[in-house]
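Enquirer: Sequence first, predicted model second:
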Number of protein chains: 2
Amino acid sequence: MDYRAEEFPPFAVTVDVVALTVRQDELHVLTVRRGEEPNLGALALPGGFVRPDEDLPQAAARELAEETGVLDASAYLEQLGTYGAPDRDPRMRVVSVAYLALAADLPDPRAGGDASDSAWLPVATATAAPLAFDHAAILRDGVERARAKLEYSSLATSFCPPEFTVSQLRRVYEAVWGVALDPRNFHRKVTGTPGLLVPTGRSVVDGPGRPAVLYRAGSATALHPPLTREP
Amino acid sequence: MDYRAEEFPPFAVTVDVVALTVRQDELHVLTVRRGEEPNLGALALPGGFVRPDEDLPQAAARELAEETGVLDASAYLEQLGTYGAPDRDPRMRVVSVAYLALAADLPDPRAGGDASDSAWLPVATATAAPLAFDHAAILRDGVERARAKLEYSSLATSFCPPEFTVSQLRRVYEAVWGVALDPRNFHRKVTGTPGLLVPTGRSVVDGPGRPAVLYRAGSATALHPPLTREP
DNA sequence: ATAATAGTGTCTTTTAGACAATATCAC
DNA sequence: GTGATATTGTCTAAAAGACACTATTAT
């Protein structure tokens, strides 16, 4: 180290959240319209400064809760990466720790707060729009992380409510990956993975067709072997 | 955001590097002995403050070069994660961005510098020793990341010199995973993955036995399907 | 010649992927 | 009944794992 502790260069540290959910069989991301400069009025990811005595995941959960109005303990939260290019914020040197949040379909964001407007947007819409700062790169990385992790982990269940059917889980995969999966092979794969799904014993009917068995997520976190996107 | 830009709480930002290499068929990590308080004399990962106009990967590469004495452009560097618990450094609020570096067997670290002593230690030795700050967790995460990525990526070639044999590559897997692999099936797997290995046309003899063909790393970065640790 | 390592071929088991067939609902 | 969705079963192709066998070197 070439600096002594008393002479450390001060940085601002923020968290930004890529919050994903599946609505109407389509992957959506939580976005805000910036209520202040710079980039006033631009589309952005929810986020803000980390408080002096706050842990990083705690800050991410707080920012997410402030936007959704729901402190959803069921939401999955993992660190995505840290973005710290010297010029990423024109005001000062800001290092942002990005988090990836996955949740079952949440209610629409509440009004008010710093963000003058926040909403769930289809990911395709958000990636096509200009985003503030380097949020386009963060969003791209977050979506890619989610897509990759569905292959070899039980992460898809984080997009589902506490109890769900195999069809619901399959529709999550189809929405996140943007592909169609064979319902029969998918069913065999996920029900055949030990510890992934726990049957509740109950079934639900939704429209026509045979009732589907309700499952809860099991203790398994890894898929061995993985589900693959490409053949 | 509840803070305005002018009122942001100042943080110190550091980088820490988990530098891994394979020496004598064993996974090693680069460690330093701290030359100052706190934790003076304790074993730690190399790292230091990010400079005001320096990018994060650049800071990690600089710290690595300062310890190894070699600015090895061939070293693989990826962000591992960010560690920012409010009490992780007793002096002040420090957020550390950890990087994972993988390299072919490098020379022993040079003497001098802030770190009074730095050396390549077997990972088993380093994880058993008490490390400064939260470096034990960072090291554990780095090793686990490397282990996991060998499964589905071409990352193992980063542990090899520019030209290497299939045996060398296999010994990397065996050292990192701590398992024995069947040389014949391994050979078939890696040579059968398109774009992973490019034959140089030359061979090398090393001790008794048939000469081994020399390869360079190809353009493939993913292993589809993956090599699995557990059956 | 013997031992050691590199590389090829073969067999079995597992799993993915295609898809037929059955079960149970709404209408 | 008809159509839709859920679930099970069957077949085929690809790949992993076990391992016999050949190739080429040092000693």
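Expert: Everything's here; your move.

Enquirer: what about the closest residue in space to residue A:220 that isn't next to it in sequence, is that helix, strand or coil?
Expert: Nearest residue to residue A:220, sequence neighbours excluded (C-beta to C-beta, 6 or more residues apart in numbering or on different chains): residue A:195, at 3.4 Å. No exception for glycine: its C-beta is placed from N, CA and C like everyone else's. Using DSSP: H, G, I helix; E, B strand; the rest coil, the structure places residue A:195 in coil.

Enquirer: How about residue A:200?
Expert: Here residue A:200 takes the strand state, with states given by three-state DSSP.

Enquirer: Hmm, residue A:163 and it touching each other?
Expert: Yes. Between residue A:200 and residue A:163 there is a contact at 5.9 Å, judged by C-beta atoms under 8 Å.

Enquirer: Check the contact lists of these two and give me the overlap.
Expert: Counting by C-beta atoms under 8 Å, 6 or more residues apart in numbering or on different chains, the common neighbours of residue A:200 and residue A:163 are A:214-216.

Enquirer: quick check, nearest of the residues you listed to residue A:79?
Expert: residue A:216 (26.1 Å; C-beta to C-beta).

Enquirer: Which residues are in contact with residue A:121?
Expert: Taking C-beta under 8 Å, 6+ apart, we find residue A:121 in contact with A:28-29, A:31, A:43, A:129.

Enquirer: Need the buried ones from those residues selected in PyMOL.
Expert: Entered in PyMOL, the line below selects the buried ones among those, by 16 or more other C-beta atoms under 10 Å in any protein chain shown:
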select buried, chain A and resi 28+29+31+43
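
Enquirer: Report the entries of the contacts of residue A:121 that also contact chain B.
Expert: Residues of these in contact with chain B (C-beta under 8 Å from any C-beta of the partner chain): none.

Enquirer: quick one: which of the contacts of residue A:121 sit in strands?
Expert: Here DSSP state E is the test, and the contacts of residue A:121 give A:28-29, A:31, A:43 as lying in strands.

Enquirer: which of these lies closest to residue B:78?
Expert: The nearest member of these to residue B:78, counting by C-beta to C-beta, is residue A:29 at 24.4 Å.

Enquirer: Verify the contact between that closest one and residue A:18 for me.
Expert: Yes. Counting by C-beta under 8 Å, residue A:18 is a contact partner of residue A:29 at 6.4 Å.

Enquirer: what do the two both touch?
Expert: Counting by C-beta under 8 Å, 6+ apart, the contacts common to residue A:29 and residue A:18 are A:45, A:139, A:142-143.

Enquirer: ok, so of those, who is nearest DNA strand D?
Expert: Proximity of the shared contacts of residue A:29 and residue A:18 to DNA strand D (C-beta to the nearest atom of the strand) peaks at residue A:143, which lies at 25.7 Å.

Enquirer: Could you measure from that closest one over to residue A:20?
Expert: 7 Å (C-beta to C-beta, to the nearest Å).

Enquirer: next one: residue A:212
Expert: Distance, residue A:212 to residue A:20, using C-beta to C-beta: 24 Å.
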